[in-house]
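# only geometry, no sequence info:
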C-alpha cells in the first residue's frame, strides 16, 4: 500500500505542473522526504505534464479532478 497525502487546488490560474510542484514542496516540508508517486484524476491525462524529478505520475478515478495525491510508491511494486 502506498502512503501519502491528498492536496486540493482548484485555482484556475495555475496549470497542473504548478499545482503538482506546490503539492510536492508542501509534502517535502511536512514529511522531510521526496514523494515518488503522484495520482491525478484521468481528466488530466491529456494535459501537458512536465517530468517531475523522480516522481511517477499515474491516474485514478477515485480522485476528484481538483485533487492531487502525492506520496511514496510501495517498495514491492
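It's in. Just so we're clear, the structure is a prediction, and the values are computed from it rather than from any experiment.

# enumerate every residue touching the most centrally placed residue in the chain.
Nearest to the mean C-alpha position of the chain, by CA atoms, centre = their mean, lies residue 38 at 3.4 Å. Remark: with contacts taken as CB atoms under 8 Å, 6 or more residues apart in numbering, residue 38 is in contact with 20, 23, 24, 52, 55, 56, 57, 58, 68, 69, 70. For every residue, glycine as well, the C-beta is placed using N, CA and C.

# go again with 7 Å.
By CB atoms under 7 Å, 6 or more residues apart in numbering, residue 38 lies in contact with 20, 52, 55, 57, 68, 69, 70.

# and residue 21, by the same measure?
Contact criterion CB under 7 Å, 6+ apart gives no residues in contact with residue 21.

# just the buried positions in the helix or strand containing it, please.
Following DSSP states H and E, the helix or strand that holds residue 21 is helix 16-31. If you call a residue buried by 16 or more other CB atoms under 10 Å, then helix 16-31 has these buried ones: 16, 19, 20, 23, 24, 27.

# tell me the mean pLDDT for it?
Confidence for helix 16-31, expressed as mean pLDDT, is 94.

# low pLDDT regions in the chain?
Segments of the chain classed as low confidence (criterion: pLDDT under 70) are 1-2, 76-77.

# go with 90
Applying pLDDT under 90 to the chain picks out residues 1-3, 45-54, 73-77.

# that one: strands as residue ranges?
Listed in chain order, the strands found in the chain under DSSP state E are 3-8, 37-40, 56-59, 67-72.

# fine, thanks again, bye for now.
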